[in-house]
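Asker: Starting from these lines, generate the structure:
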Amino acid sequence: MAAGADANPGHRAGVVGHNRHFNIQEALYAAFKDYGISCGLLRSNCVLVGQLSKVRLARVHMNNSRWDNSRRSKAKLELCEHNRVLREAMQRDFFLGPPSEPTQVTAFLVTQGNATDGSSMFLVVPDDAMDLRNPIFTESIPLFVQRYATTVSQTDTAKPTLKKGVKHISEDGEEKK
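Answerer: Below is the predicted model:
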């Protein structure tokens with residue numbers, strides 16, 4: 001990345017990572033504002049959280065290998081506490097009755113690697129322990145957007161007909177033709 005080109009080689013990765021974090025945070029903040037999603041203030045290294053109905057949306061960045069260091073953030077763990085209801089609904093004991101209705105759900109936009117294209121971004125709903133290795137739901141952003149893209153309308157050209165000679169019986173038991 002050009003932002004770290006002038007940095008000392010020992011600092012280059014850190015400079016690039018910090019710049020990426022701030023650039024993605026500003027882009028997410030702008031997107032929240034453009035789509036009318038209420039969110040907190042954009043401040044330094046704080047977690048930016050958007051609120052849309054029952055869904056809270058935040059962002060986390062993972063490297064290209066295993067997603068295993070996500071549980072270090074206490075703020076992100078607190079955001080995921082409400083996802084306990086989802087985990088319990090997914091691992092339901094039949095003798096406990098119907099699952100509770102979730103009051104809040106936290107989803108994360110997970111950017112991976114250098115996050116320069118949409119294929120390295122994911123929508124993830126973690127459990128209450130924020131275990132991103134075993135999430136409740138995960139899907140790439142392009143696939144998620146594709147699900148909600150406008151569908152092509154298709155005209156129904158089927159013309160069903162009944163077989164000839166079939167006897168129909170009315171409700172009172174009389175035979176009709």
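
Asker: What segments of this protein are helices?
Answerer: 12-34, 74-79, 84-90, 141-147 (DSSP state H).

Asker: nearest to Gln51, of those?
Answerer: Of all the helices of the chain, it is helix 12-34 that lies closest to Gln51, at 9.2 Å by CB to CB. Bear in mind the C-beta positions are built from the backbone N, C-alpha and C, glycine included.

Asker: Show me which positions of the closest one end up buried.
Answerer: Residues of helix 12-34 classed as buried by neighbour count (16 or more other CB atoms under 10 Å): Val15, Val16, Gly17, Arg20, Ile24, Gln25, Leu28, Tyr29, Phe32.

Asker: nearest to Leu132, of those residues?
Answerer: Using CB to CB, the buried residues of helix 12-34 come closest to Leu132 at Ile24, 17.1 Å.

Asker: just checking, that closest one touches Thr111?
Answerer: Yes - using CB atoms under 8 Å, Ile24 makes contact with Thr111 at a distance of 6.1 Å.

Asker: Dump the helices of the chain into a markdown table; add distance to Leu41 and mean pLDDT as well.
Answerer: Output for those, formatted as a markdown table (distance: least, CB to CB, whole Å; pLDDT from 0 to 100):
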| stretch | distance to Leu41 | mean pLDDT |
| --- | --- | --- |
| helix 12-34 | 9 | 86 |
| helix 74-79 | 14 | 87 |
| helix 84-90 | 28 | 81 |
| helix 141-147 | 25 | 88 |
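
Asker: beta partners of the most centrally placed residue in the chain?
Answerer: With distances taken as CA atoms, centre = their mean, Leu123 lies nearest the centre of the chain, 3.1 Å away. For Leu123, the beta-bridge partners under DSSP bridges are Leu109, Glu139.
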